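Engineer: Structure, please.
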Amino acid sequence: MTTLTIVALPSRAGEPDLLIGNERKPFILVDLAGVATLRIDPAPAWSHSTLHAVPDRPDVKEFVSEHFGADAYLGSQWIGSSEV
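Structural biologist: All right, here's what the predicted structure looks like:
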């Protein structure tokens, strides 16, 4: 099974926090061909804990599995992938 990894939280000093400024943007999954999408609106804003829980949602798991992978965005900001 292909899994989605979210990398919004900095892992080293000096790396940007990809959530900053994108807390109210929609979470968008795009298949690896760049065609199919799944959109999830924030309620009311994303936090790191709510964002990191998204890969466990049944609709997200199904999308990633059906499309053999996906890239994740908050608005236009890339925040993760099944290819990480």
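Engineer: tell me the centre residue of this protein?
Structural biologist: Nearest to the geometric centre of the chain sits residue 72, at 3.5 Å (Cα atoms, centre = their mean).
Engineer: Surely that residue is within a helix?
Structural biologist: No. Counting by DSSP: H, G, I helix; E, B strand; the rest coil, residue 72 is located in no helix; its state is strand.
Engineer: The nearest residue to it once chain neighbours are set aside: helix or strand, and which one exactly?
Structural biologist: Nearest residue to residue 72, sequence neighbours excluded (Cβ to Cβ, 6 or more residues apart in numbering): residue 80, at 4.0 Å. The way it works is simple: take the backbone N, C-alpha and C, and place the C-beta from them, glycine included. Assigned by DSSP states H and E, residue 80 belongs to strand 77-81.
Engineer: Check which helices and strands that strand sits against.
Structural biologist: Counting contacts by 3 or more Cβ pairs under 8 Å, 6 or more residues apart in numbering; DSSP states H and E, strand 77-81 packs against strand 5-6, strand 70-74.
Engineer: out of those strands, deepest packed?
Structural biologist: Of all the helices and strands packed on strand 77-81, strand 70-74 carries the top mean neighbour count, a mean of 23, counting by mean count of other Cβ atoms under 10 Å.
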